[in-house]
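>>> just coords:
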Ligand code: ADP
Ligand code: MG
């Protein structure tokens, strides 16, 4: 029989080697709770219901098999035994959290219920056993509020409003100002709301509460926001989520209690310094939900921000020291930067979660390089640690600045910030002095009002917000980026080239480490205002003689284009694709243009219109274009080939031109066009009295050609998945747009290393 429940904490870490730490079965959170427990860190005891149960739950029409009920009873007995408390016991009640946890973290995307196990009896027991009635009633009202929201799916707003009214009635500003009696009254109001909205009283049976919550966590796997998050992040729907049931520890037991979120390094910059936030007298949800703006973890960070409220390092030095020790143990154990949730209950530290932290591309580079330098990981591992696509953030200055996130509430570890960081968007959160008027679509700050559509610039690393558009820097491969690229190149087999057709693009590509040009399209060179007239003359000419007159005007221009690119690529291979699009693309499309073009080309308007109509292609991807145009008018390719070889011969360091015949569908087409290119090359070599190396080939781009070829060549792109495929089939190189060259270098290295 499948085991669906695994226990952790209190010296227990269930399961055999296949289950221990297995994220596929225990989910990420469960596997790491188990992992932390197994290395002796302070983890509140609990148990995990596996992801396999989630899948089975959906397969069984959303119901639980009886065997699981017995297993869950065993899990509860474990928690009771370790804590010495009993679930539903009126005198010494055990409270638990019910937490979701998929294989990969989906921050804030699925629901958690805290303080479960409270009812009208146990709340009194908790008040007595803790000696703190205020705390007990606060926990009960939180529980009802959360349960009503997550499990009963009642309107969240009504409960928020009741809380606000309770505070206003007393003239309070903070939740913490509410007394035990205030909270008792609020609980009564909450229960009335549940009865009114749900039509039944709030569940008093703690086992009903538990199964309701477990069902809701499984249910949240199919919530709209979870589905959208999965779609955005390519997470399969059949993975399911695990459910973790864990003894509650309380950060809201007064001034010696707290809760916090931390990273073992700075996730924005990668700096090797503890980074995080905490709230005194609060529960975990308060930090991540962004309701109160939290305090800094370290003294240095507080001072740097010029903030007054004491850091944890200053306010709770002993617990902070213990936390720092745990940070170091976790980094060594998991060999990566960790994102951690913790709670302090009356000066005792409890670890509630750890996972590899999301980070910016800049931080990913720095952390990978620093960890390799420190010997924690190898340089190959460092290369494998950085997501090639994330480098995009560093390679397009400002390009994504238009999409950033600025919030008035919450801290730097709030969900908004974490999710934004993962998406590579700059985020500045908790800018408390912003006054946002959502209805009026305005934002006020320091006497200034901004409206919808106004541009602001965010620096997600420093938290600065600047009015207007601030110039950004051209990226360079220096520092950690440069170091990682050197390591990546050492692990790489395939070459990386760039797609480029201007000297500027070619230079950018070289600066980013391209080893040649994989695709230089020539048609763009014809659209230049000075040349288009000659191109049109060539198209409108009646015979070859007329075409050659026009082509003679284009030859020196093309030669200049190629010479400039070859010079930048000094000796490297350059693949040049001969003219590809159908000719009508060069003719005017609008009535207003016809007269002007006809005059410039020296033909009548009617001739021009007729020619345009003749050349019009019904299907722009097929028809009379590419090599088929070359077969009809070989003098076009002859001119281009001549320009290529004359340019190549004119340089001191000859490049290796690779002439690409476009849109080849059959062998014969390639043979005919290769002959044109070879003849042009021989003619130029004879005139110049020198020879250079060159290649003639084609790009297989028609399905017909792909089906008929024996192999394929030159998969172009900066897409890591395609690059991995190219590595697998043994291709020589990939070619990407200049800004993607570093991404391709890293992806090619990762693909090669993955095969080792
Ligand atoms: P998420 O996946 O959204 O981060 P979690 O399951 O981690 O949700 O729970 C949200 C918050 O509740 C966390 O910040 C954590 O600190 C708090 N929490 C969860 N379980 C417990 C517990 N057993 N005791 C105290 N706080 C808890
Ligand atoms: Mg969490």
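Arrived safely. Just so we're clear, the structure is a prediction, and the values are computed from it rather than from any experiment. Ligands and ions are numbered 1, 2, ... in the order given.
>>> how about residue 25, what does it touch?
Each residue near residue 25 by CB atoms under 8 Å, 6 or more residues apart in numbering is listed here: 19, 31, 50, 51, 52, 242. Glycine gets a C-beta too; all of them are placed from N, C-alpha and C.
>>> Up against ligand 1, what does the protein have?
Taking CB under 6 Å from any ligand atom as the measure of proximity, the chain contacts ligand 1 at 44, 97, 99, 107-108, 112, 114, 246-249, 259, 283-285, 288, 341, 343, 352-353.
>>> Can you go through those and name the buried ones?
Those of these that meet the buried threshold are 44, 97, 99, 107-108, 112, 114, 246-249, 259, 283-284, 288, 341, 343, 352-353, by 16 or more other CB atoms under 10 Å.
>>> picking that back up, among the contacts of residue 25, name the ones in strands.
residue 242 (DSSP state E).
>>> Quick check: residue 175 vs residue 309, distance?
Separation of residue 175 from residue 309 (CB to CB, to the nearest Å): 17 Å.
>>> of the two, who's got more company?
Comparing residue 175 with residue 309 by neighbour count (other CB atoms under 10 Å), the higher total belongs to residue 175, at 19 against 13.
>>> who does the helix or strand harbouring residue 640 touch, helix- and strand-wise?
Residue 640 is located in helix 634-649, with elements delineated by DSSP states H and E. Packed against helix 634-649 by the contact rule (3 or more CB pairs under 8 Å, 6 or more residues apart in numbering; DSSP states H and E) you find helix 544-569, helix 627-632, strand 656-661, helix 667-688.
>>> Strands of the stretch 351-500 of the chain, start to end?
If DSSP state E, counting those that start in this stretch is used as the criterion, the strands of the stretch 351-500 of the chain fall at 405-406, 427-428, 435-437, 442-445, 448-451, 456-459, 464-467, 495-499.
>>> Out of the ones you listed, which is closest to residue 570?
Residue 570 lies closest to strand 495-499 among the strands of the stretch 351-500 of the chain, at 14.2 Å (CB to CB).
>>> Report all helices and strands that that closest one contacts.
Looks like strand 495-499 contacts helix 503-511, strand 517-521, strand 733-736, helix 741-754 (3+ CB pairs under 8 Å, 6+ apart).
>>> Name every strand pairing with that strand and say which way it goes.
Using DSSP bridges, strand 495-499 pairs in its sheet with strand 517-521 (parallel), strand 733-736 (parallel).
>>> Rounded mean pLDDT for the longest one, please.
Averaging the model's pLDDT scores along strand 517-521 yields 92.
>>> out of everything not next to it in sequence, what's closest to residue 558?
residue 643 (3.5 Å; CB to CB, 6 or more residues apart in numbering).
>>> Make sure the one you found is actually in contact with residue 552.
No - the pair residue 643 / residue 552 is not scored as a contact, 11.2 Å apart, by CB atoms under 8 Å.
>>> And these two? Which one has more around it.
Taking neighbours as other CB under 10 Å, residue 643 and residue 552 compare with residue 643 leading, 26 against 12.
>>> low-confidence ranges in the stretch 401-550 of the chain?
Where the stretch 401-550 of the chain drops to pLDDT under 70, the residues are 401-403, 410-425, 461, 470-474.
>>> which parts of the strand or helix carrying residue 55 are buried?
Element membership for residue 55 (DSSP H and E) is helix 51-59. For helix 51-59, a neighbour-count test (16+ other CB under 10 Å) marks 51, 52, 53, 54, 55, 56, 57, 58 as buried.
>>> Return the distance of the third one relative to ligand 2.
Applying CB to the ion, to the nearest Å, the value for residue 53 to ligand 2 is 20 Å.
>>> Can you read off the pLDDT for the closest residue to that residue other than its chain neighbours?
Leaving aside its sequence neighbours, residue 53 sits nearest to residue 4 (CB to CB, 6+ apart; 4.3 Å). On the pLDDT scale, residue 4 is placed at 95.
>>> Next one: residue 4 from residue 45, what distance?
Computed as CB to CB, the residue 4 to residue 45 distance reads 18 Å.
>>> Three-state assignment for residue 515, please.
Put simply, residue 515 is coil when judged by DSSP: H, G, I helix; E, B strand; the rest coil.
>>> Chain neighbours aside, what residue packs nearest to it?
In space, and not counting its chain neighbours, residue 515 is closest to residue 495: 4.8 Å by CB to CB, 6+ apart.
>>> burial measure for that neighbour, as a count.
19.
>>> For residue 436, which residues are in contact?
Neighbours of residue 436 in contact, by CB under 8 Å, 6+ apart: 408, 442, 443.
>>> can you rerun that using 6 Å?
Shown in contact with residue 436 (CB atoms under 6 Å, 6 or more residues apart in numbering): 408, 443.
>>> How far off centre is the strand or helix carrying residue 157?
Taking DSSP H and E as the definition, residue 157 sits inside helix 156-170. Counting by CA atoms, centre = their mean, to the nearest Å, helix 156-170 is centred 37 Å from the centre of its parent chain.
>>> Now do the strands in the stretch 51-200 of the chain.
Counting by DSSP E, counting those that start in this stretch, the strands of the stretch 51-200 of the chain are 86-87, 93-94, 96-102, 113-116.
>>> Same list, the ones you listed, but as TSV with mean pLDDT please.
Shown next, in TSV, are those (pLDDT from 0 to 100):
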stretch	mean pLDDT
strand 86-87	98
strand 93-94	98
strand 96-102	94
strand 113-116	95
